[in-house]
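# sequence first, then the predicted structure:
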Amino acid sequence: MTINKSIKNLLVLIVFLSGFYLTAQLFNYSTADDPAAKTTNSEYMSRYNVYALQTPDKMRFGREKVPLDRWDVKEALDRELLVNTYWQSQTMLFLKRANRYFPIIEPILKDHDIPEDFKYLALIESGFLPTIKSPVGAVGIWQFMSGTAKDYGLEISTEIDERYNIEKSTIAACKYFRKSYEKYGSWTLVAASYNAGRRFLDKQLKLQNAGNYYDLLLGEETGRYVYRILAIKLIMERPADFGFRFRKSDLYPNIPTQKVKINSAVKDFALFAKKHGVNYKILKNFNPWLRKPYLTNKYKKEYEITLPAKGYINFAFSDYKIRDGSVPKK
């Protein structure tokens, strides 16, 4: 009886183990090599490479030497170079848009004796998206907050917001930079103050007994801010060195414009646009500072409406994407 019971238990165990084994095989993928997959993977890996980037030994920002002989400075710059080089889609868009907006910004910076490097500050602030608005309410390519914008002469109302006006907001930014430079005597600290605010920067300089940006321990955003500007400057000045390949015709053109002055109300900007040979979409594209489809202009203030110059009304992508990179006139 005991022997029969033992045999019975053994048979039950064998059946259980057999069932467990068969069940396990249902969830067990074949480990046999797939020659086609192996070949494809090998070919992919032989072509795909991620390279370390060479940081420069010397560079300047705003006519000031960047202390790249310091390991902490060099490593901080290396980080931003890697991030912006390998975020290819965004940086390629930066390159394309800069071709349109740098020609607008550069003369204004020069007129106010602001180093040309500050055009890269605008680029990292907004990506040159003129209608961009941050979660905290900063607006336009220079990302002005409402209070600061008004302090520097920009009009903000329900119908007008000159933070979206590229020329006027650039002039306001120049005024901010000039005032900050009078305070700090350092263009690097000027850039940092634009991100963090003068009050915060003053507090940190005093608290840390520091005299320059590179000696300050700052939060993530401001601590990376100047290095990101430096990285974008390096890439924009020598894009091919960082793997960015494009033709001149691939860049977004700076479309010639004309100014139409108004000093009275405009009841309907859609009709106004049609009268001047464009649609409402194009009118708003060139004048995002017009916040309503009308303008009451109670005080008869003079404004300048920007429109494509004559001959450039229908300036489509196909019109400028030509082999030699030149822009045909119509």
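Now that the structure is in, tell me what you want to look at. Keep in mind the model is a prediction, meaning the values are calculated, not measured.
# which ones are touching residue 223?
Residue 223 is in contact with 76, 216-217, counting by CB atoms under 8 Å, 6 or more residues apart in numbering. C-beta coordinates here come from the backbone N, C-alpha and C atoms, glycine included.
# can you say which of those are buried?
Burial by neighbour count, 16 or more other CB atoms under 10 Å: within the contacts of residue 223 this picks out 76, 216.
# mind checking which of the contacts of residue 223 are in helices?
residue 76 (DSSP state H).
# can you pull the contacts of the residue most central in space within the chain?
In the chain, the C-alpha nearest the mean C-alpha coordinate belongs to residue 127, at 2.9 Å (CA atoms, centre = their mean). Residue 127 makes contacts with 90, 93-94, 97, as judged by CB under 8 Å, 6+ apart.
# and with 7 Å instead?
93-94 (CB atoms under 7 Å, 6 or more residues apart in numbering).
# could we number from 15 for the rest of this?
With 15 as the first residue, the last one maps to residue 141.
# just the pLDDT for it.
Note on residue 141: pLDDT of 96.
# one more: the one 5 residues further on?
Reading off the per-residue confidence, residue 146 sits at a pLDDT of 95.
# for it, which non-adjacent residue is spatially closest?
residue 140 (5.0 Å; CB to CB, 6 or more residues apart in numbering).
# what about that neighbour, neighbour count?
If you count neighbours by other CB atoms under 10 Å, residue 140 ends up with 21.
# so where's the stretch 15-164 of the chain uncertain?
For the stretch 15-164 of the chain, applying pLDDT under 70 flags the ranges 15-54, 59.
# quick one: the strands in it?
Under the criterion DSSP state E, counting those that start in this stretch, the stretch 15-164 of the chain carries strands at the ranges 74-75, 78-79.
# check the stretch 215-344 of the chain too.
271-276, 317-322.
# and the angle from the last one to strand 271-276?
Using axes from the mean of the first three to the mean of the last three CA atoms, to 10 degrees, the inter-axis angle of strand 317-322 relative to strand 271-276 is 150 degrees.
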